[in-house]
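1. need a 3D model of the following:
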Amino acid sequence: MKQRALAEAPTQPLDLRAGGFDIIAEIKRKAPSSGTLHAHDGNANAFVVGQAAAYTRGGASAVSVLTEPTAFNGSLDDLQLVADTTPLPTMRKDFIVDPYQVYEARVHHASGVLLIARLLNAETLPVFLDAAAVTRQFVLLEIFDESELDILASAIQHATARGVFLLAGVNARNLVTLQVDTNQFARLSPQLPSDVPHVAESGLATTSDIRGIASLGYRAALIGSALMRSDDPARLLKELSSAGREVTSQCT
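-> Modelled structure (predicted):
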């Protein structure tokens, strides 16, 4: 799998707006916390392609694709389908616990992967970051609370040395209870390293939500459920992006 990944064409780089606000728009067919997110008619693959096209029109910086099959009804086929039909970089979102999955993501044309600090640790993370380095993928490293800040700091140091573009994500959803505590964004933002972009994840659906996290210093958001439920995801995406940029322009 590694050899196949290394033979792939160069990735589509993640290009965040300097001094602006970016949204990584997510495609997921269902979620444990809310069930099926969109009742599509007809061909399910056509729906995925259409959703990716809407995200492209709406100005997303990247498309996250859930590939976990059991709880999210996702697949690597969805990832490759999106990667091959949108000009935007794509990111594999899954419970990644083996570097094999990082190589697998690249074989299916991902430009980046999400890694969950709670599933890994400071000792094992470098192996995953090395896999991302040789396949030229960006990494969104997700943390949940203060106990994982040391893991994040260690990962940033290694990623910088290996030339990996790393983003620091804060997930407000407790993976055990599935409850969302958006106060996590405010609690953790002052403690996040300043040398990487900060990404807010979960519980974000309105322009008010986006203005709130942008005012805390987050420069990107990962949004899935709200966009999947929307009848006009491109329009919603534009509204959310504009709200974030409005705040960041006032802060710079």
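2. rest of the way, CA atoms for contacts and neighbours
-> OK.
3. now do the strands in the protein.
-> 22-27, 30-31, 35-36, 62-66, 90-93, 112-116, 138-143, 166-171, 198-201, 220-223 (DSSP state E).
4. let's have these in a markdown table, adding mean neighbour count.
-> Formatted as a markdown table, the strands of the chain follow (neighbours: other Cα atoms under 10 Å):
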| stretch | mean neighbour count |
| --- | --- |
| strand 22-27 | 26 |
| strand 30-31 | 19 |
| strand 35-36 | 14 |
| strand 62-66 | 29 |
| strand 90-93 | 30 |
| strand 112-116 | 25 |
| strand 138-143 | 24 |
| strand 166-171 | 25 |
| strand 198-201 | 26 |
| strand 220-223 | 24 |
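5. which among the ones you listed is found nearest to residue 213?
-> Between residue 213 and these, the tightest spacing by Cα to Cα is seen for strand 198-201, at 7.1 Å.
6. skip the chain neighbours and tell me the closest residue to residue 230.
-> residue 236 (7.4 Å; Cα to Cα, 6 or more residues apart in numbering).
7. show me the helices in this structure, by range?
-> Under the criterion DSSP state H, helices of the chain are mapped to 2-6, 44-58, 76-83, 99-107, 125-135, 149-162, 183-188, 207-215, 225-229, 233-251.
8. any chance of those helices in TSV, with mean pLDDT, distance to residue 21 and mean neighbour count too?
-> Converted to TSV, the helices of the chain look like this (pLDDT from 0 to 100; distance: least, Cα to Cα, whole Å; neighbours: other Cα atoms under 10 Å):
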stretch	mean pLDDT	distance to residue 21	mean neighbour count
helix 2-6	97	31	15
helix 44-58	91	13	19
helix 76-83	95	23	21
helix 99-107	98	26	23
helix 125-135	97	24	21
helix 149-162	96	21	17
helix 183-188	96	16	16
helix 207-215	97	8	19
helix 225-229	91	17	20
helix 233-251	94	5	19
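9. would you reformat those as TSV and include distance to residue 18?
-> As requested, those are exported to TSV (distance: least, Cα to Cα, whole Å):
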stretch	distance to residue 18
helix 2-6	30
helix 44-58	18
helix 76-83	24
helix 99-107	26
helix 125-135	23
helix 149-162	19
helix 183-188	22
helix 207-215	14
helix 225-229	24
helix 233-251	10
